[in-house]
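>>> the following comprises the amino acid sequence and a computationally predicted model.
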Amino acid sequence: MAVHVDPERREVRALRGVAEWRGRRVLEIGCGEGRLTERLAGLGARVHAIDADAALLRTARRRLTPRYGSRVRFRVGTADSLEHYAESFDLVVYSWVF
């Protein structure tokens, strides 16, 4: 049985409503398997996606639609130990992370 998350694309409409994503540098903390990562890239963002779980990142890389490959970078990391300069991102997404 196939699972379809958000087939009505409500999440994408909600994301469009909170920010302009096209061309923005976005840090996604806790990207997991990359479901939201791909949606952000689809909205035109350049996404730097981090997660503490390397196995989840391998899945995210494998699942990423090739046309978004140039817009997404995955890396093992946590919010506690970011290796980025201040103000190096336009937006930060941090959801479903504990």
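Done, it's in.

>>> who does the host helix or strand of Glu28 pair up with?
When elements are assigned from DSSP states H and E, Glu28 belongs to strand 25-29. Under the criterion DSSP bridges, strand 25-29 sits next to strand 46-51 (parallel), strand 91-94 (parallel) in its sheet.

>>> test my guess that Val76 contacts Ile50.
Yes - because the distance of 7.0 Å satisfies C-beta atoms under 8 Å, Val76 is recorded as touching Ile50. Backbone N, C-alpha and C define where each C-beta goes, glycine included.

>>> so for the two, which residue has more residues nearby?
Ile50 (21 against 11; other C-beta atoms under 10 Å).

>>> neighbours around the residue nearest to that one when sequence neighbours are not counted, how many?
For Ile50, ignoring the flanking residues on the chain, the nearest one in space by C-beta to C-beta, 6 or more residues apart in numbering is Gly77 at 3.7 Å. Gly77 sits with 20 neighbouring residues when counted by other C-beta under 10 Å.
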